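Colleague: I would like the atomic coordinates for the input below:
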Amino acid sequence: MQPRLAPGDRKLLIIAGLLIATISTVALLVSPPRSMPSPGFPSTYSSDSGGAKAAYLLLGEMGYRVERWARPPQELPEASATGENNEIVESPARTMLVLADPIIPASAEEKSILLRFVHQGGQVLVTGAQGNMLAPQSALTNSRHFAMEEKTYAAELPAPFTRGAPEISMKANTRWSARSGYDMRYYGDQEGATVVVFQMGKGRVVWWADSGPLTNYGLSEASNLTLFLNSIGEPAGRHILWDEYYHGERMGFWSYLGRTPIPWSMFQLGLVMTAALFTFGRRNGPLRPLGKESRLSPLEFVETLGDLYQRKGGASEALGVAYQRFRYLLLRRIGLQPAASPQEIQRAVRERLGWTTPGFSEALQRCELGVKDSSMTGQRSLQLIQELHDYSRRFGLGKAEAGN
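Modeller: As a prediction, this is how the structure comes out:
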């Protein structure tokens with residue numbers, strides 16, 4: 001009759017089954033791993049001509065602390081964080097966000113957070129028509145002529161921002177038309193500005209009409225590389241966040257889950273479940289009696305006797321036991337009295353057993369001396385006992401004993 005499960009064990013197994021089914025269902029519903037973005041916008045993952053992988057890698061090689069940013073604006077640094085000795089380790093003033101042609105519009109809440117980030121001292125490089133997320137109202141207008149090819153734009157102001165970049169090239173279909181005391185126009189034409197820098201609170205925004213100067217192809221054109229580096233600024237103390245969030249690179253379910261206490265909780269739950277299943281199996285598994293070793297085992301007697309000799313240090317006594325047994329069997333075989341001397345034994349073995357190989361008499365002498373030697377070592381005693389065993393085998397003493 002099969003034993004019935006206890007109510008508590010049944011409930012535990014049901015909960016474990018539901019948990020496994022839930023995890024499997026969630027794993028099936030989660031979107032597949034992220035793939036490389038398709039060409040058409042300057043992504044740091046793309047090595048096509050319109051991608052921005054070269055610019056991203058270049059910043060890292062030049063000593064900038066740069067990373068891809070796939071998080072929402074809510075996670076941008078807002079307040080200064082201090083470490084040991086009150087040293088500022090992260091703040092908006094030391095952070096620059098690169099928004100290279102964002103293709104997903106920002107929500108009203110996200111725009112508000114981006115503006116707050118800049119007002120607190122953050123810097124932003126934004127390109128394309130989506131720059132209106134940070135620009136004043138009606139600051140951007142469409143060009144009257146659609147740009148089919150790249151066009152060269154000369155620097156309009158001698159300033160550090162234009163140093164080393166007398167002209168740039170881009171395919172601009174958007175213009176900056178607003179004029180105020182807070183924006184500085186550095187490149188453009190009669191339709192409007194194509195590169196503008198304007199202040200917002202403690203921070204600043206660099207706007208380009210097109211992302212061409214930072215693409216894999218555009219970096220090598222005109223003075224585009226210099227414009228890019230002038231827009232980024234010096235690498236010392238600067239943290240560059242290259243946005244991929246508005247390119248559709250959003251954090252997946254497992255990435256989000258990894259930043260919560262849930263994985264640690266699942267690990268703890270797994271340990272509890274493992275312990276519960278182990279104890280359940282221990283309680284409900286088949287019962288098997290333990291094997292009992294016989295107390296009459298000859299091997300146990302030998303081991304016990306050996307332990308006694310080892311504790312006493314009686315190597316000579318062990319040799320004496322083996323030697324007396326050997327003499328007893330040999331004297332019975334050759335028909336001598338128990339008090340026979342080694343010389344008499346040697347002579348009888350030669351005459352009655354036909355043993356003429358030298359060395360037997362010396363072996364008997366060594367055993368006689370070893371039995372009387374209290375300093376006999378275990379190794380030496382073992383060698384002599386092995387010699388006696390060898391002679392017993394050669395003389396057939398074991399067979400004779402078995403026959404008797």
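Colleague: Can you report how many residues neighbour residue 202?
Modeller: Each residue near residue 202 was counted by other C-beta atoms under 10 Å, and the total is 13. (Glycine included, C-beta is placed from N, CA and C.)
Colleague: Tell me the secondary structure at the nearest residue to it once chain neighbours are set aside.
Modeller: Leaving aside its sequence neighbours, residue 202 sits nearest to residue 121 (C-beta to C-beta, 6 or more residues apart in numbering; 4.0 Å). Classification of residue 121 using DSSP: H, G, I helix; E, B strand; the rest coil returns coil.
Colleague: again, but for residue 242
Modeller: strand.
Colleague: for it, which residues make a bridge with it?
Modeller: Beta-bridge pairing for residue 242 (DSSP bridges): residue 68, residue 98.
Colleague: Now do the same contact list for it.
Modeller: Neighbouring residues of residue 242 by C-beta atoms under 8 Å, 6 or more residues apart in numbering: 44, 52, 56, 66, 67, 68, 69, 98, 100.
Colleague: Counting neighbours, which of these end up buried?
Modeller: Buried residues within those, counting neighbours by 16 or more other C-beta atoms under 10 Å: 44, 52, 56, 66, 68, 69, 98, 100.
Colleague: in the chain, which helix or strand is least confident?
Modeller: Lowest on mean pLDDT, DSSP states H and E among the helices and strands of the chain sits strand 81-82, with a mean of 52.
Colleague: Of the contacts of residue 242, which is the nearest to residue 304?
Modeller: residue 67 (72.6 Å; C-beta to C-beta).
Colleague: distance of that closest one from residue 363?
Modeller: 85 Å (C-beta to C-beta, to the nearest Å).
Colleague: Identify the residues contacting residue 228.
Modeller: Contacts of residue 228 by C-beta under 8 Å, 6+ apart are 55, 213, 214, 219.
Colleague: now, the most widely separated pair of those?
Modeller: 55 and 213 (9.0 Å).
Colleague: Give the residues shared as contacts by the two.
Modeller: 219, 228.
Colleague: all helices for this structure, in order.
Modeller: Assigned by DSSP state H, the chain shows helices spanning 7-29, 53-61, 108-119, 224-232, 253-258, 262-284, 298-312, 315-334, 342-352, 360-372, 378-395, 397-403.
Colleague: quick one: average pLDDT of the last one?
Modeller: Going back to what we said before, that points to helix 397-403. On average, the pLDDT along helix 397-403 is 57.
Colleague: ok, now the shortest one?
Modeller: Computed over helix 253-258, the mean pLDDT rounds to 56.
Colleague: Also stretch 320-334?
Modeller: Per-residue scores along stretch 320-334 average to 87.
Colleague: quick one: contacts of it?
Modeller: 337-338, 340, 345, 348-349, 352-353, 367-368, 370-371, 384-385, 388-389, 391-392, 395-398, 400-401, 404.
Colleague: If any of those residues are buried, put those into a ChimeraX selection.
Modeller: In ChimeraX syntax, the buried subset of those is picked out as below (16+ other C-beta under 10 Å):
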select :340,345,348,349,367,370,371,384,385,388,391,392,395,397
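Colleague: burial count for residue 219?
Modeller: Quick note: residue 219 (other C-beta under 10 Å) scores 17 neighbours.
Colleague: my read: it touches residue 55, true?
Modeller: Yes. The pair residue 219 / residue 55 is scored as a contact, 6.1 Å apart, by C-beta atoms under 8 Å.
Colleague: how deep is residue 289 tucked in, by neighbour count?
Modeller: Residue 289 has 5 neighbours, counted by other C-beta under 10 Å.
Colleague: Before I go, just wanted to say thanks for your time.
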